[in-house]
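Chemist: just need the structure, nothing else, for what follows:
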Amino acid sequence: MMRGIIALAVSAFTTSAIAADMPVKAPPPAPAPVYLWTGCYVGVNIGWAQVSAHFTDRFDGDDDGRLSSSGFVGGGQIGCDYQFAQNWVFGIQGMFDGADISRNRLSILDPFFTFHSRVNSFGTITARLGYLVTPQFLFYAKGGWGTVHHRISVVDGDGFLRGSVSGNSSGGDVGVGFEYMLAPNWTFFVEYDHIFLNNRTFVFADEFTDNVRRDFDKVLFGINWRFGGSSAPVAARY
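Modeler: Residues are numbered from 1 along each chain as shown. Below you'll find the predicted structure:
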């Protein structure tokens with residue numbers, strides 16, 4: 001009887017000692033955030049833009065110089081993306097920005113006249129194709145159509161307005177950029193775009209007719225809020 005009690009006590013003590021020496025299993029790590037690019041977004045942007053105009057006489061082709069002006073811009077964008085083939089993202093985007101870009105320059109052919117250039121706004125509608133370098137980092141190229149509201153006027157040496165043209169000028173838009181997903185619903189982007197504005201012939205006065213070739217460049221920084229993505233993310237490989 002006594003021997004049984006002693007054996008039972010020794011067995012209980014040995015089991016407790018072994019259990020005390022066993023490592024305690026750590027709790028499972030928190031699940032990693034899912035970075036899904038399929039869905040839509042709205043956002044805001046700020047940046048810098050420049051419009052350049054090259055004037056040539058319509059009749060004899062003489063160079064009448066260039067007029068470049070730049071300034072800060074700001075606006076917003078809206079779009080939708082679709083992630084496919086693991087690492088690729090295709091999307092459509094619309095963007096509109098306000099601007100206050102202006103500058104004056106004397107005519108080279110006739111310094112009695114002064115050119116004035118002013119940009120009030122611009123917008124683009126583009127397609128984007130990007131590649132996910134990591135689940136959070138998207139490098140993309142974009143292309144589509146852009147329009148710029150541009151006013152050019154000519155004032156003579158006496159301060160009289162001799163003529164002006166104002167309206168939207170359009171052309172192809174191309175650009176590159178990157179977008180980084182800060183959190184599953186927030187992204188930050190930086191991009192550069194160039195809009196090839198259509199050439200125009202401006203008749204400012206009877207003696208003042210120029211062909212004008214223009215270009216528009218912009219660098220934008222922005223933040224997007226994403227929503228409406230699928231609940232089944234694509235398993236990307238990196």
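Chemist: and the helices in this protein?
Modeler: Listed in chain order, the helices found in the chain under DSSP state H are 2-21.
Chemist: least trustworthy helix or strand in it by mean pLDDT?
Modeler: Evaluated with mean pLDDT, DSSP states H and E, the helix-and-strand set of the chain has its lowest mean pLDDT in helix 2-21, which scores a mean of 52.
Chemist: nearest residue to the residue positioned nearest the centre of the chain in space, please, no chain neighbours.
Modeler: Closest residue to the average C-alpha location of the chain: residue 191 at 4.4 Å, with CA atoms, centre = their mean. The spatial neighbour of residue 191 that comes closest, neighbours along the chain excluded (CB to CB, 6 or more residues apart in numbering), is residue 177 at 2.7 Å. Every residue, glycine included, has its C-beta placed from N, CA and C.
Chemist: show me the contacts for that neighbour.
Modeler: 139, 140, 142, 189, 190, 191, 192 (CB atoms under 8 Å, 6 or more residues apart in numbering).
Chemist: just the buried residues of those residues.
Modeler: For those, burial is judged from neighbour counts taken by 16 or more other CB atoms under 10 Å, and it is met by 140, 142, 189, 191.
Chemist: same list (the residues you listed) but as TSV, adding distance to residue 87 and pLDDT.
Modeler: Compiled in TSV, the buried ones among the contacts of residue 177 are given as follows (distance: CB to CB, whole Å; pLDDT from 0 to 100):
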residue	distance to residue 87	pLDDT
140	12	98
142	18	98
189	18	98
191	20	98
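Chemist: among these, which one lies nearest to residue 58?
Modeler: Sorting the buried ones among the contacts of residue 177 by how near they are to residue 58, with CB to CB, puts residue 142 at the top with 34.4 Å.
Chemist: I figured residue 200 hits residue 169, correct?
Modeler: Yes - applying CB atoms under 8 Å as the test, residue 200 and residue 169 come out as touching, 6.8 Å apart.
Chemist: show me the shaky parts of the protein.
Modeler: Low-confidence regions of the chain, defined here as pLDDT under 70, cover residues 1-34, 204-208, 230-238.
Chemist: the nearest residue to residue 66 once chain neighbours are set aside bridge partners, please.
Modeler: If the residues on either side of it in the chain are set aside, residue 66 comes closest to residue 54, at 5.1 Å by CB to CB, 6+ apart. Each beta-bridge partner of residue 54 is listed here, defined by DSSP bridges: residue 66, residue 213.
Chemist: just the strands from the protein, written as ranges.
Modeler: When assigned using DSSP state E, the strands of the chain occupy the ranges 39-57, 63-84, 88-106, 113-132, 137-156, 161-183, 186-197, 200-205, 208-227.
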